[in-house]
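In: with the input below, show me the fold.
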Amino acid sequence: MKYAFPKLGVSASLLLLSGALFVFAIPNDRQERPSKENERARYQIQLKIDFDALSYAGSERVRWFNHGDHATGALYFHLYSNLRSDQPTTANGSGSQRTEIEEPRIEISEVRSATDRAPLTYSIDDQGTTLRVYLREPVAPGKSTEVIVAFKGNVPEIDPDETGLTTHVVKQVSAALRGDREIRSPRDLNFRCRGVMLLGTSYPVLAVHDGDEWMRKLEPSVGDMVFNEAADYEVEIAVAPGVLVFTSAGEDRNQPAGEHTTVFSAPALRDFAIIAGRNLHSEQTQIGEITLRSIFIPEHERIGKHVLRMAENSLRIFTSRFGPLPFKTLNIAEAPLVAGLGSNEFSGLEVIASAYYVDFDSPAVRNLPKIIREQRPSVEESLEWGVAHLIAHQWWGAAVGNNPAREAVLDEAMASWSALLYFREIYGAQKAAIVLQDQLQGVYRLYRTFGGEDMDANRPSRDYRNTFQYAAVVTTKGALMFVQLQQLLGEEKLLAAFRNYYKANLFEIAELDDLRGALIAEAPIEQRRMVARAFNRWLASKRGDEDIAKPDQDLATSLGLPAKPNQQKGGSPNPLNAFARLGKFFWQQVTRIR
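Out: Below you'll find the predicted structure:
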């Protein structure tokens, strides 16, 4: 089947339609080995977004360097939008089976060599989630190759009822009460809803190449599904008049573009996300060399500006403590994320669910249930925690990468401890102690009260049932481990270890042992064994009731919960009404951004 490439300007037309050779420099095997910085993968993408048709089409020229010890004759790309869970999924609140048309999809049209534009053989493997490109000649260690991939895709329209604050709260109540199984879906990251389009995984992206092994396997879980190596990006995006576009990168003022086409570029991003809409507004400020921007819809202007101030404070504090970020642009945007997903992080673009952009002084809030309106302090604190946590992820997860499916605790724990640092610096130690109780200890306590089983925190993401369990075990235990290490080593040594870990692993994929080694290196000899024991106690054992909090039996009795743990099935068909009498403690937890 022939594919008509989109009209994306002169440069794209020369590449895709006329068959002319690219003017980009192609490494010659006889050249000297380039520097490590120049050995990063590079994506040059031309993309046309049809906002109204819920679709997009484009091509990418991808340069890949072989950092392994052996030659390879094939490249592997993830097609994240095609990931499907084997387990049945239901639309939030509907109880009906979700159909295939409600999930995004990406299709490959053709693959060519970038040197002479000759077609390359390819296959779609792993149930549609992997593009395998067969190269005509193997790529030797230390050498590179370039290919051109044409693709197109579509995204679903999400029902707005899936994205409201009440729906988010009910979802969390259900997870707490019933232990519902949650699986992150590509529609969580690729959709249009309420006039906003999010494209989180809209292009084929190279799988991680670890040694000589391609990390091909994608496992749906409650954790982050995206796992990429850092790469350089230059992305030309064409949209219809009136559609505004923000991305993981800043606009490239040096690149020519058409009237409705913008070029974005940035080095060393782990992904490239896009948010678009006709009704998006933004406010920005300059923090050193970083342009910090808050993106929001007009009715959330007051909250959007407040988010910018919180993000600015977070960026200043973390820069002074951890070191400067390598990015020039950092966007934090609201988007109508589905219930169960309070936020999502990408390199250079953080997304928070619109449900939490609540202006309690506006007339529209009168339509919310009274029991939620009464939780204003909890919701506002949760938003601030979410902003600080997400900004910290630009250090822990973006600049320094890790495998979120295998060691989710690594970046989640560091980002949460960083958020505690933010609250102490802004509000003082007393407020930070309250936030530690509300955002961390209280979540674990409620989880255990509802019958959740204590687990070790350093498990693969697939082992956790839902975001409630994930937050209670992974986030809470990991962050509290750093609280103990702070008490053991002192804050200066802890921060020194964080800085050394950051510097040593910038743009790399780190492992938990890298962080453990950085902390042990900062510890006096007599405390090094204690550091190792702290890692084992918090991450590899089940000591949560002893170290954090025991189940609240009085609360469990008042709710009529089972006396024995792990009996979460059943319960009221209307969780919001069933828990209306719980009061402040419960609602502080279920209105959290997770």
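
In: and residue 224, helix, strand or coil?
Out: Three-state call for residue 224 (DSSP: H, G, I helix; E, B strand; the rest coil): coil.

In: roughly how far does it sit from residue 411?
Out: 9 Å (Cβ to Cβ, to the nearest Å). Heads up, the C-betas are built off the backbone N, CA and C, glycines and all.

In: just residue 345 next, same as before
Out: From residue 345 to residue 411 the distance is 9 Å (Cβ to Cβ).

In: overlap of the contact sets of these two?
Out: 393, 397 (Cβ atoms under 8 Å, 6 or more residues apart in numbering).

In: the two - which one has more neighbours?
Out: residue 345 (27 against 24; other Cβ atoms under 10 Å).

In: tell me the mean pLDDT over the longest helix along the chain?
Out: Of all segments of type helix in the chain, defined using DSSP state H, the longest is helix 301-322. Averaged across helix 301-322, the pLDDT comes to 98.

In: may I see the buried residues of that helix?
Out: In terms of neighbour count (16 or more other Cβ atoms under 10 Å), helix 301-322 has its buried residues at 303-304, 306-308, 310-315, 317-319, 321-322.

In: quick check, nearest of these to residue 515?
Out: Distances from residue 515 to the buried residues of helix 301-322, taken as Cβ to Cβ, are shortest for residue 322 (12.9 Å).

In: quick one, phi/psi of residue 552?
Out: With angles defined as degrees, to the nearest 10, residue 552 sits at phi -90, psi 100.

In: ok, it - contacts?
Out: 445, 446, 449.

In: kindly report the same for residue 82.
Out: Counting by Cβ under 8 Å, 6+ apart, residue 82 makes contact with 105, 106, 127, 128, 129, 186.

In: for those residues, which one is nearest residue 236?
Out: Using Cβ to Cβ, the contacts of residue 82 come closest to residue 236 at residue 106, 18.3 Å.

In: would CSV of the contacts of residue 552 with secondary structure, distance to residue 85 and pLDDT be doable?
Out: As requested, these are exported to CSV (DSSP: H, G, I helix; E, B strand; the rest coil; distance: Cβ to Cβ, whole Å; pLDDT from 0 to 100):
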residue, secondary structure, distance to residue 85, pLDDT
445, helix, 30, 92
446, helix, 27, 88
449, helix, 29, 89
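
In: what is the closest residue to residue 308 other than its chain neighbours paired to in the beta sheet?
Out: The shortest distance from residue 308 to any non-neighbouring residue, by Cβ to Cβ, 6 or more residues apart in numbering, is to residue 294 (3.7 Å). Counting by DSSP bridges, residue 294 is bridged to residue 283, residue 332.

In: doesn't residue 330 make contact with residue 294?
Out: No - judged on Cβ atoms under 8 Å, residue 294 makes no contact with residue 330 at a distance of 10.1 Å.

In: for those two, list the residues in contact with both.
Out: With Cβ under 8 Å, 6+ apart, residue 294 and residue 330 have common neighbours residue 311.

In: and those two? which has more neighbours close in?
Out: More crowded of residue 294 and residue 330, by other Cβ under 10 Å: residue 294, with 26 against 23.

In: show me what contacts the more buried one?
Out: Taking Cβ under 8 Å, 6+ apart as the test, what residue 294 contacts is 282, 283, 284, 304, 305, 307, 308, 311, 331, 332, 333.

In: redo that, cut-off 10 Å
Out: 281-285, 300-301, 303-312, 331-334, 387 (Cβ atoms under 10 Å, 6 or more residues apart in numbering).

In: now do the longest helix of the chain: distance to the chain's middle.
Out: Relative to the mean C-alpha coordinate of its chain, helix 301-322 is positioned 18 Å out (Cα atoms, centre = their mean, to the nearest Å).

In: equivalent analysis for stretch 164-177, please.
Out: 21 Å.

In: specify which member of the contacts of residue 82 is nearest to residue 460.
Out: Closest to residue 460, out of all of the contacts of residue 82 and judged by Cβ to Cβ, is residue 129, at 17.7 Å.

In: look up which residues are beta-bridged to the nearest residue to residue 39 once chain neighbours are set aside.
Out: Distance criterion Cβ to Cβ, 6+ apart; nearest residue to residue 39, sequence neighbours excluded, is residue 65 at 4.4 Å. Listed beta-bridge partners, residue 65: residue 144 (assigned using DSSP bridges).

In: does residue 65 touch residue 40 like I think?
Out: Yes - under the criterion of Cβ atoms under 10 Å, residue 65 makes contact with residue 40 at 7.4 Å.

In: tally of neighbours for residue 560?
Out: 9.

In: and the gap between it and residue 206?
Out: If you go by Cβ to Cβ, the gap between residue 560 and residue 206 works out to 52 Å.

In: just the helices in the stretch 401-550 of the chain please.
Out: Residue ranges of the helices in the stretch 401-550 of the chain, as given by DSSP state H, counting those that start in this stretch, are 408-427, 429-436, 442-449, 467-470, 476-489, 491-505, 512-522, 525-539, 544-547.

In: got the angle between the first one and helix 512-522?
Out: Interaxial angle of helix 408-427 relative to helix 512-522 (axes from the mean of the first three to the mean of the last three Cα atoms, to 10 degrees): 50 degrees.

In: what comes up buried for stretch 462-479?
Out: Buried residues in stretch 462-479, counted by 16+ other Cβ under 10 Å: 463-479.

In: typo on my end, stretch 135-152
Out: For stretch 135-152, by 16+ other Cβ under 10 Å, it's 135, 139, 143, 144, 145, 146, 147, 148, 149, 150, 151, 152.

In: for that stretch, measure first residue to last.
Out: 22 Å (Cα to Cα, to the nearest Å).

In: hang on, residue 455 packs against residue 474?
Out: Yes - using Cβ under 10 Å, residue 455 is in contact with residue 474, at 8.9 Å.

In: what do those two both touch?
Out: 463, 464.

In: so what secondary structure elements neighbour the longest helix of the chain?
Out: With contacts taken as 3 or more Cβ pairs under 10 Å, 6 or more residues apart in numbering; DSSP states H and E, helix 301-322 sits against strand 281-287, strand 290-296, strand 329-335, strand 349-353, helix 376-393, helix 408-427, helix 491-505.

In: go again using 7 Å as the cut-off
Out: Using 3 or more Cβ pairs under 7 Å, 6 or more residues apart in numbering; DSSP states H and E as the contact test, the elements touching helix 301-322 are strand 281-287, strand 290-296, strand 329-335, helix 376-393, helix 408-427, helix 491-505.

In: flag every buried residue along the last one.
Out: Just to be clear, that refers to helix 491-505. Within helix 491-505, judged by 16+ other Cβ under 10 Å, the buried ones are 493, 494, 495, 496, 497, 498, 499, 500, 501, 502, 505.
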